[in-house]
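*Asks:* quick one, fold the following:
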Amino acid sequence: MAEAMNADPAEIARFQAAASRWWDPEGEMRPLHDLNPVRLAYVERAGSLAGRRVVDVGCGGGLLSESMAARGAEVVGVDLASDLLRVAELHGLESGIKVEYELGTAEQHAEAHAGRYDVVTCMEMLEHVPDPAAVVGALARLVRPGGDVFVSTLNRTPRAYLGAILGAEYVLRLLPPGTHTYEKFIRPSELNAWARAAGLVLEDVAGIAYDPFTRKASLTTDARINYLAHFRRPGPA
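*Replies:* Below is the predicted model:
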């Protein structure tokens, strides 16, 4: 029997619906545009991306993928939303920034490319899949010994519910209602347990502060809403 795909069709359809407006910094993906520089800076804290092999799992329309490629990385973007991948490819033709995009799951890509990458990123995806621990396991298989894994997600706290769901989706309308499900938010301790079971070591956790009125985002020590985590796979580089 074929293994069930670790994906929610309703989640994929929700993001597919925004494909044509993905690169509009004033559209419904506006928060992603505002947060992207902070995520890129967090990845670069571990070292220069120039010449490094990177896979961006759950790449969507390619915002972070292109940003990392512009820094000199050799980037592969992986996603299950075919419309988003087409948008990413078209934008790459316009920008002249080379990224290779592939349709598939993290688990499928890990099966074919285990240990291939120096850097693995997975931003704002884990809270949208049925089995996030399985994705974390795939991220660990994709990175080479001595390589880095970066994840961003939402903490399961009352403050995250108020800010990311009630505030962002229903009051300020920064995101389409229904974008997030509170029960799928992930505590840092849970993420670290999955990563540790997959053979990764936690290096750092940082919160993301975001002001939707000024559109300013920055790293912070407060991880009660959005947060980033940096893991490393032990072993010689």
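
*Asks:* can you show me the helices along the chain?
*Replies:* Secondary structure of the chain (DSSP state H): helices located at 9-16, 30-44, 63-70, 82-95, 106-113, 132-142, 158-160, 188-197.

*Asks:* those helices: lowest mean pLDDT?
*Replies:* Of all these, mean pLDDT reaches its minimum on helix 158-160 (a mean of 82).

*Asks:* got a markdown table for the helices of the chain, with mean neighbour count and distance to G51 too?
*Replies:* Just so you know, the C-beta spots here come from the backbone N, C-alpha and C atoms, and that holds for glycine as well. As requested, the helices of the chain are exported to a markdown table (neighbours: other CB atoms under 10 Å; distance: least, CB to CB, whole Å):
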| stretch | mean neighbour count | distance to G51 |
| --- | --- | --- |
| helix 9-16 | 15 | 31 |
| helix 30-44 | 19 | 13 |
| helix 63-70 | 24 | 12 |
| helix 82-95 | 17 | 19 |
| helix 106-113 | 19 | 18 |
| helix 132-142 | 23 | 18 |
| helix 158-160 | 14 | 37 |
| helix 188-197 | 16 | 26 |
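
*Asks:* right, and those - which one's nearest V120?
*Replies:* V120 sits nearest to helix 132-142 of all the helices of the chain, at 5.0 Å, using CB to CB.

*Asks:* and the closest one, what other elements does it pack with?
*Replies:* In this structure, helix 132-142 packs against strand 53-57, helix 106-113, strand 117-123, strand 143-154, helix 188-197, with contacts taken as 3 or more CB pairs under 8 Å, 6 or more residues apart in numbering; DSSP states H and E.

*Asks:* run the chain-centre distance for stretch 107-124.
*Replies:* Its chain's C-alpha centre and that of stretch 107-124 lie 12 Å apart, by CA atoms, centre = their mean, to the nearest Å.

*Asks:* gap between the two ends of that stretch?
*Replies:* 17 Å (CA to CA, to the nearest Å).

*Asks:* understood, closing this out.
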